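S.K.: The sequence isn't on hand, but the structure is:
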């Protein structure tokens with residue numbers, strides 16, 4: 001089993017920035033893909049970003065391209081999501097996800113964190 005714990009959520013004004021972190025523990029060997037999803041009230045959970053083990057492959061949903069950056073520190077088994085130029089529509093619970101590859105993480109990740117709330121006030 002892989003455990004994922006998010007941190008860094010909070011309340012920020014539109015145009016501001018937040019940095020989310022996700023620490024992984026447990027049987028992480030072979031679970032190389034990491035990603036972020038979000039779920040706004042009344043909406044389905046949606047993919048936000050994913051990153052490969054090496055960091056050479058990164059994927060973003062269109063609505064966050066140019067504003068969000070995903071990165072990872074493998075020595076600390078941690079992944080980050082730097083969110084800049086935040087908008088009210090970015091308000092959601094953000095979930096960390098993990099899977100064997102980025103392709104899997106983007107579609108059906110096997111592991112989820114508990115989520116962290118991000119609220120952007122307009």
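M.R.: Looks like it came in fine. Small disclaimer: the values here were computed from a predicted structure and weren't measured.
S.K.: how about the helices in the chain?
M.R.: All helices of the chain, identified by DSSP state H, fall at 102-107.
S.K.: in it, which spans are strands?
M.R.: Per DSSP state E, the chain carries strands over the ranges 2-7, 10-13, 18-26, 33-39, 46-51, 58-60, 68-73, 78-83, 92-99, 111-112, 116-121.
S.K.: Direction included, what does the first one pair up with?
M.R.: Strand partners for strand 2-7, identified by DSSP bridges, are recorded as strand 18-26 (antiparallel).
S.K.: Contact partners for the residue nearest to the spatial centre of the chain?
M.R.: Closest to where the C-alpha atoms of the chain average out (CA atoms, centre = their mean) is residue 36, at 2.3 Å. Counting by CB atoms under 8 Å, 6 or more residues apart in numbering, residue 36 touches 20, 22, 48-50, 70, 79, 81, 94-97. The way it works is simple: take the backbone N, C-alpha and C, and place the C-beta from them, glycine included.
S.K.: How about the worst-scoring helix or strand of the chain on mean pLDDT, which residues are buried there?
M.R.: Within the chain, no helix or strand scores below helix 102-107, which has a mean of 94 by mean pLDDT, DSSP states H and E. If you call a residue buried by 16 or more other CB atoms under 10 Å, then helix 102-107 has these buried ones: 102, 104-106.
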